[in-house]
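**Q** no letters, just coordinates:
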C-alpha cells in the first residue's frame with residue numbers, strides 16, 4: 001500500500017496503512033494511570049445510576065431469604081436423644097393456617113382417655129331400670145353424675161344416655177359413641193366391635209411442665225381422668241379401660257390436612273361508648289340473662305344516677321367474671337362517631353366497648369345472652385359472633401374439637417387450627433437430625449447467594465458492607481470447620497460437608513448447638529441480628545452516597561512545550577490540512593507518525 005506524505009513545519013508526517021501496529025498519540029503524551037482512573041470513575045458513576053436501585057432490592061431479597069432459611073432451622077425439644085428426636089414440617093401453604101408442634105415426651109397426653117367394651121347396639125341391656133350414679137374426676141375436680149335407665153332400653157340407648165350426661169357436665173370431658181365392625185377401624189386402639197363409648201379430654205386442658213408454673217403438683221395426678229360407681233354398677237357394666245400413653249418418639253409420618261372450620265367461642269360485643277359521658281341506662285338493678293350448655297343464670301349489675309359509661313362497663317365486666325366459670329367479659333378499645341360536626345363531617349374518637357364471651361366451650365356449646373329491659377343502649381345482640389366448633393379432616397377422617405387443638409399420633413403431634421382452608425395440604429413428621437442437616441445446607445446456600453450478589457458490585461456499597469455477614473463466620477471459623485462449614489474460593493463462600501456435620505452432631509450435639517444457636521455467641525443469631533438491622537435500615541442506606549462518587553478528572557494539561565505544539569498540530573491537521581480521501585481503504589486503517597530527525 002502507498003503512503004500519504006504531509007509536511008508540517010519541517011516535520012514529515014506519514015499516513016501509513018501497511019502496519020498492523022496501533023499507537024495512540026494521546027497515550028504517548030499522557031500517562032496510562034490518568035486514562036484508567038478517568039475511565040473507572042465514569043464507569044462507577046454510570047453503574048451507580050443504572051444499577052444501584054435494582055441492586056439494593058436484589059440484596060434486600062437475598063437478606064430476607066437468609067432470614068427465612070435461619071427461621072426454618074430448629075433444634076428438637078421433644079425430650080428424646082438427638083438420634084430419636086422428631087421435628088414437624090408444614091407445607092409452606094399451611095403457614096398462618098395451623099400451628100403445629102411435637103409434644104415433649106413428659107407432657108404427652110392422649111385425647112382419647114377411656115374406651116368401653118363393645119356392645120351389640122340393638123340388643124337389650126341387662127341392667128335394671130332406675131337411677132345410676134357415678135363420679136367423674138379430672139385431676140382434683142370431681143363431679144357426681146346420674147343417668148336414669150328405663151325398661152326396654154337397648155345398649156345403644158344406654159351408651160347415648162351416658163354420653164349426654166357427660167357432655168352436659170361442666171368438666172372438660174367429651175364422650176362419643178363409636179360404631180365399628182373391625183377392631184381399630186375408627187381408632188387404632190379401640191378393640192371392641194359393635195357400639196362403644198370413647199371418653200376424651202382436649203389436650204388444651206392438659207397440665208404441662210410449661211403451664212403449671214411454680215406449682216409442684218404431679219403432672220400425672222393433675223391430668224388423671226377416672227370413673228367410679230357411687231350408686232348402681234353402670235361403670236362396671238361399661239367395662240372401661242384406660243388408653244396407654246406412648247413412650248416412644250413420634251412416628252415419622254405424613255398427614256393430609258384440610259381445615260374445614262376454624263372454630264371460636266361465642267362472643268357478644270356492645271357498641272362503643274365515650275367513657276366520660278353519662279350513661280343513658282336508667283338507675284337501678286339490671287340483668288343480662290345467659291345460658292351455655294345446661295347452665296343458665298343472670299349477670300346482675302347496678303347503675304346509679306350520674307354514672308359514666310366507664311363505671312357501667314366496669315360493673316358489667318366484674319359481674320360477668322364473678323357469675324360463672326363459663327362466662328367472661330372484658331373492656332376493649334373501640335371507635336365511635338364524635339357528636340361534634342366540623343363542617344366537613346363527623347370524625348371518630350376513642351371509646352370503649354364490653355365483650356362478653358364463652359369460656360372454653362365444649363363441642364356444641366354456644367353462649368346465649370338475653371339483655372333485660374332497658375339495656376337496649378348496649379346493643380349486645382347487634383354484633384354477636386355465634387361461635388363454632390373447629391372441624392378438620394385428617395387423612396380423610398373428619399374430626400371435631402372445641403377448642404381447636406387436634407392431637408395426632410396419640411398426643412405426640414399437636415395441630416392448632418387457626419384459619420379455614422379448603423385444600424388438602426401435607427404436614428410431615430421427620431427425623432430431627434436429617435431435617436437439621438438439610439436446613440443447615442439451605443442456610444449455607446442462602447448465605448452464599450447473598451455474598452455472590454454483593455461482591456460483584458461491592459464498590460457501590462459503603463466499605464465493609466459484605467463483611468457484616470462474613471465477620472461472624474471469621475470469628476467462629478475453627479469450630480465451623482470442625483462441623484463441616486469452611487470458606488472456599490476467592491469470594492470466601494461457604495462449603496458445607498453434610499457428612500462431617502452429621503458426625504459432629506452425633507459426637508457433640510451440645511457444642512454444635514452452642515456454635516450455631518447460642519443467643520449471644522451463636523452464628524445463626526448473629527446473622528439474624530445483622531439481617532434485622534439491615535432490613536430495618538433498608539439496604540439502600542448502605543449504598544455509597546451519590547454525592548461521594550469521585551468527580552470526573554478534567555482534561556490534563558500537556559507537560560512540555562513540544563507536547564503542546566504536537567497536540568495543536570494534530571488538531572489543526574485533522575480540522576483543515578488533511579485533503580486525502582478518507583474513504584480510501586488505506587485511510588481506514590492508517591496512522592500518523594513523524595519521520596523528522
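**A** Sure thing, it's come through. These figures come from a predicted structure and were not determined experimentally.
**Q** where does the stretch 401-550 of the chain dip in pLDDT?
**A** Residue ranges of the stretch 401-550 of the chain with pLDDT under 70: 546-550.
**Q** 80 instead, please
**A** For the stretch 401-550 of the chain, residues meeting the criterion pLDDT under 80 lie at 544-550.
**Q** which residue ranges of it form helices?
**A** Remark: helices assigned in the stretch 401-550 of the chain by DSSP state H, counting those that start in this stretch are 432-454, 467-475, 477-482, 498-507, 509-517, 523-537.
**Q** same question, the stretch 151-300 of the chain
**A** All helices of the stretch 151-300 of the chain, identified by DSSP H, counting those that start in this stretch, fall at 155-167, 219-222, 234-238.
**Q** other SSEs contacting the shortest one?
**A** Using 3 or more CB pairs under 8 Å, 6 or more residues apart in numbering; DSSP states H and E as the contact criterion, no secondary-structure element is in contact with helix 219-222. C-beta coordinates here come from the backbone N, C-alpha and C atoms, glycine included.
**Q** one more: the longest one?
**A** Counting contacts by 3+ CB pairs under 8 Å, 6+ apart, the secondary-structure elements packed against helix 155-167 are strand 141-149, strand 173-180, strand 194-201.
**Q** how far is it from where the chain is centred?
**A** Distance of helix 155-167 from its chain centroid, counting by CA atoms, centre = their mean, to the nearest Å, is 42 Å.
**Q** sheet-wise, list the partners of the longest strand seen in the chain with their directions.
**A** In the chain, taking DSSP state E as the definition, the longest strand is strand 327-341. When sheet partners are counted by DSSP bridges, strand 327-341 sits next to strand 346-358 (antiparallel).
**Q** and for stretch 320-336, what's in contact with it?
**A** Surrounding stretch 320-336, the residues in contact under the criterion CB atoms under 8 Å, 6 or more residues apart in numbering are 170, 269, 271-274, 288, 290, 292-293, 295, 297-300, 313-314, 316-317, 319, 348-361, 367.
**Q** I should have written stretch 120-127 there, sorry.
**A** Residues lying outside stretch 120-127 but in contact with it, judged by CB under 8 Å, 6+ apart, are 149, 152-159, 179, 194-195, 232-234, 237.
**Q** could you identify the most distant pair in those?
**A** Largest separation among the contacts of stretch 120-127 by CB to CB: 179 and 232, giving 25.1 Å.
**Q** please produce JSON lines containing the helices of the stretch 151-300 of the chain, extended by distance to residue 446 and mean neighbour count.
**A** Output for those, formatted as JSON lines (distance: least, CB to CB, whole Å; neighbours: other CB atoms under 10 Å):
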{"stretch": "helix 155-167", "distance to residue 446": "51", "mean neighbour count": "19"}
{"stretch": "helix 219-222", "distance to residue 446": "40", "mean neighbour count": "13"}
{"stretch": "helix 234-238", "distance to residue 446": "57", "mean neighbour count": "19"}
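**Q** so which of these gets nearest residue 502?
**A** Closest approach to residue 502 among these is made by helix 219-222 (34.5 Å; CB to CB).
**Q** off-centre distance for the closest one?
**A** Mean C-alpha position of helix 219-222 versus that of the full chain (CA atoms, centre = their mean) differs by 32 Å.
**Q** so for that helix, what's the average pLDDT?
**A** What helix 219-222 shows for mean pLDDT is 86.
**Q** ok, now stretch 90-102?
**A** Over the span of stretch 90-102, the pLDDT mean works out to 93.
**Q** can you list contacts of that stretch?
**A** Stretch 90-102 is contacted by residues 76-78, 86-88, 250, 257, 259, 412-421, 423, 425-427, 429 when judged by CB under 8 Å, 6+ apart.
**Q** now, which of the residues you listed lie within strands?
**A** 86-88, 257, 259, 413-417, 421, 423, 425-427, 429.
**Q** where does the stretch 51-200 of the chain dip in pLDDT?
**A** Counting by pLDDT under 80, the stretch 51-200 of the chain contains low-confidence residues at 51-53.
**Q** not counting its own residues, what contacts stretch 135-152?
**A** 124-125, 127-134, 158, 161-162, 165-166, 169-173, 201, 205, 207, 221-228, 230-231, 234.
**Q** report the buried members of those.
**A** Buried members of those, counted by 16 or more other CB atoms under 10 Å: 125, 127, 132, 134, 158, 161-162, 165-166, 169-173, 201, 205, 207, 223, 225, 227, 234.
**Q** look up how far residue 425 lies from residue 370.
**A** Computed as CB to CB, to the nearest Å, the residue 370 to residue 425 distance reads 41 Å.
**Q** these two: who's more crowded?
**A** residue 425 (18 against 14; other CB atoms under 10 Å).
**Q** and that one, what is it in contact with?
**A** Taking CB under 8 Å, 6+ apart as the definition of contact, the neighbours of residue 425 are 91, 93-94, 97, 256-258.
**Q** does it have beta-bridge partners, and which?
**A** Taking DSSP bridges, one finds residue 257 as the beta-bridge partners of residue 425.
**Q** the more surrounded of residue 179 and residue 232?
**A** More neighbours sit around residue 232 than around the other of residue 179 and residue 232, counting by other CB under 10 Å; the figures are 18 against 15.
**Q** nearest residue to that one in space, please, no chain neighbours.
**A** residue 132 (3.7 Å; CB to CB, 6 or more residues apart in numbering).
**Q** please compute how far the helix or strand hosting the one you found lies from its chain's middle.
**A** Element membership for residue 132, per DSSP states H and E: strand 130-138. Between the centre of strand 130-138 and the centre of its chain there are 45 Å (CA atoms, centre = their mean).
**Q** distance of residue 517 from residue 272?
**A** 46 Å.
**Q** neighbour count for those two, which is higher?
**A** Between residue 517 and residue 272, counting by other CB under 10 Å, residue 272 is the more crowded of the two (21 against 16).
**Q** torsion angles phi and psi at the more buried one?
**A** Backbone dihedrals for residue 272, given as degrees, to the nearest 10, come out at phi -90, psi 150.
**Q** hang on, it packs against residue 354?
**A** No - counting by CB atoms under 8 Å, residue 272 sits too far from residue 354 to count as a contact (10.0 Å).
**Q** what's the neighbour count on residue 290?
**A** A count of nearby residues for residue 290, using other CB under 10 Å, gives 23.
**Q** residue 181 now?
**A** 8.
**Q** apart from its chain neighbours, what residue comes closest to it?
**A** residue 193 (6.0 Å).
**Q** what residues are up against residue 159?
**A** Taking CB under 8 Å, 6+ apart as the contact definition, residue 159 lies against 116, 119, 121, 177, 195-197.
**Q** ok, now residue 206?
**A** Contacts for residue 206 were tallied using CB under 8 Å, 6+ apart; they are 107, 109, 223.
**Q** closest one to residue 388 out of those, please.
**A** Compare each of the contacts of residue 206 with residue 388 using CB to CB and the shortest gap goes to residue 109, at 24.3 Å.
**Q** surely that closest one is within a helix?
**A** No - secondary structure of residue 109, determined by DSSP: H, G, I helix; E, B strand; the rest coil: coil, with no helix assignment.
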